[in-house]
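Q: What follows is a protein structure lacking sequence information:
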Ligand code: UT7
C-alpha cells in the first residue's frame with residue numbers, strides 16, 4: 001500500500017463583483033416579482049461581473065485572498081485547477097491566464113468542467129495529488145461569469161444565477177494545520193444533456209446564425225427535474241456522511257447554494273434543523289462552481305467552521321453530476 005500524505009486546506013478566498021442585480025431590477029426585465037423569486041428560491045440579489053471583468057479576473061481576486069490566508073507566495077503554487085463552465089473561452093484553459101496573472105510561475109494548470117460540482121471534484125483532484133506527493137501546493141478555483149450565458153428573457157433561469165469566484169489552497173496537513181481532507185465522491189450520469197445545458201457552441205451544435213437567432217448559446221434548464229434530483233442527492237450524500245461519522249461529529253454543512261427551498265427540503269428529509277447548514281444564497285444567488293468555495297470562505301469568516309468538527313460540502317448539477325467533500329476543520 002502506497003503511503004499517503006495527510007492533506008489540509010491552508011487558505012480560502014472569495015470574490016464577488018461589485019454590481020448587485022436585485023429582484024426588483026429583474027422585475028423590469030422579465031415577467032417576475034420579488035415575492036415569487038424570494039419564495040421559490042430564497043434569492044434577493046446576485047452579483048454581476050463588470051464589462052471589463054472576465055472569469056479569470058474574478059478568479060484572480062479569490063486566489064489572491066486564498067494565498068494571503070495561506071501566507072503563501074504565488075511562486076510556491078505547483079498546480080492550478082480551475083473549475084468553471086463559463087471560462088474566458090473554450091480554449092486555452094482559463095487556468096493558464098490565471099497562473100500568469102497571479103505570478104504562479106512554477107505552476108501548471110488546467111480547467112475542470114463539472115458545472116455546479118466543479119469545485120468539489122477539483123478539490124478531490126488536488127487532495128489526491130498532494131496525498132500521493134506529486135504536488136505540494138495546489139490552488140483550486142471555482143469561478144463563473146454566468147450572466148453572459150443567461151437569457152434575460154427566460155424567467156426560469158435568469159433569476160437564479162449570479163457571478164463570483166472562490167478559491168482554496170490544498171497542501172500537506174502539517175503545513176495547512178486545518179481543513180483536513182477526509183474523503184470525497186464523484187458521480188455522474190449521462191443522458192441528461194438537455195436537463196441543464198448550453199445547447200449550442202460545441203461539437204454537438206456548432207455556432208451558426210440560426211443557433212444565435214434561436215438563443216441556443218444561452219443556458220436552458222428543466223427546473224423541476226433539477227429540483228427533484230438535487231433534493232434527492234443532497235439528502236443521500238449528507239445522510240451517508242452522518243452514517244459513517246456520526247451526527248455529533250458534523251459541525252456544519254456547506255452545500256452548493258442551489259436554491260434555498262432545495263436546501264430546506266433536503267434538510268427536512270434527513271430531519272436536520274436549518275442551523276446545521278450555512279447558506280448565503282439570499283445575497284449571492286447560485287454561482288455554480290464558485291458556490292461552494294465562496295460559501296466556505298464566508299462560513300470561515302463567520303466562525304462556522306468549528307475546530308475538530310466535520311465540514312460536509314455536497315454539490316450537484318448539470319451532467320447530471322454530484323459528489324461531496326468531507327473535511328475535518
Ligand atoms: O445548480 C443547479 C441549478 N438549478 C437550479 O437550482 C434549479 C432548480 N429548480 C428550481 O429552483 C425551481 O424549479 C425553479 C425556481 C427554477 C422554478 O420553481 P418551481 O417551483 O419548480 O416552478 P415551476 O417551474 O413549476 O413553474 C411554476 C410556475 C410556472 O407558471 P405556470 O406554468 O404555472 O403558469 C412558471 O412559468 O412559475 C412560473 N415561473 C415564474 N414565475 C415568476 C417560472 N419562473 C418564474 C419567475 N417568476 N422567475
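A: Cool, got the structure. Keep in mind that this is a model prediction, so the values were computed, not measured.

Q: only C-alpha atoms for contact and neighbour calcs from this point on.
A: OK.

Q: give me the low-pLDDT residue ranges for the chain?
A: Applying pLDDT under 70 to the chain flags residues 1-2.

Q: Around the ligand, pick out the residues from it.
A: 32-33, 36-37, 40-41, 116, 155-156, 159, 223-224, 226-227, 258-259, 288, 317 (CA under 6 Å from any ligand atom).

Q: Buried only: go through those residues for me.
A: 32-33, 37, 41, 116, 155, 159, 226-227, 258-259, 288, 317 (16 or more other CA atoms under 10 Å).

Q: Next step: the residues you listed restricted to helices.
A: Here DSSP state H is the test, and those give 37, 41, 155, 226, 227 as lying in helices.

Q: I'd say residue 116 and residue 316 touch.
A: Yes. Residue 116 is in contact with residue 316 according to CA atoms under 8 Å; the separation is 5.8 Å.

Q: what residues are shared contacts of the two?
A: Each of residue 256 lies in contact with both residue 116 and residue 316 under the rule CA atoms under 8 Å, 6 or more residues apart in numbering.

Q: could you list every residue that touches the residue nearest to the spatial centre of the chain?
A: Computing the C-alpha centroid of the chain and ranking residues by CA atoms, centre = their mean puts residue 289 first, at 2.7 Å. By CA under 8 Å, 6+ apart, the contact set of residue 289 is 83, 84, 85, 114, 115, 116, 117, 118, 119, 142, 143, 144.

Q: so the last one bridges to which residues?
A: With beta bridges defined as DSSP bridges, residue 144 has these partners: residue 164.

Q: Give the burial count for it, as a bare number.
A: 32 (other CA atoms under 10 Å).

Q: distance of it from residue 62?
A: Separation of residue 144 from residue 62 (CA to CA, to the nearest Å): 12 Å.

Q: what do those two both touch?
A: Common neighbours of residue 144 and residue 62 (CA under 8 Å, 6+ apart) are residue 165.

Q: that older thread, between the contacts of residue 289, which sits nearest the ligand?
A: residue 116 (5.4 Å; CA to the nearest ligand atom).

Q: nearest residue to that closest one other than its sequence neighbours?
A: residue 288 (4.1 Å; CA to CA, 6 or more residues apart in numbering).

Q: correct me, but the one you found touches residue 144?
A: Yes. Residue 288 is within contact range of residue 144, at 7.0 Å (criterion: CA under 8 Å).

Q: so what's the closest residue to residue 285 other than its chain neighbours bridging to?
A: Once flanking residues are discounted, residue 285 sits nearest to residue 46: 5.0 Å by CA to CA, 6+ apart. For residue 46, the beta-bridge partners under DSSP bridges are residue 21.
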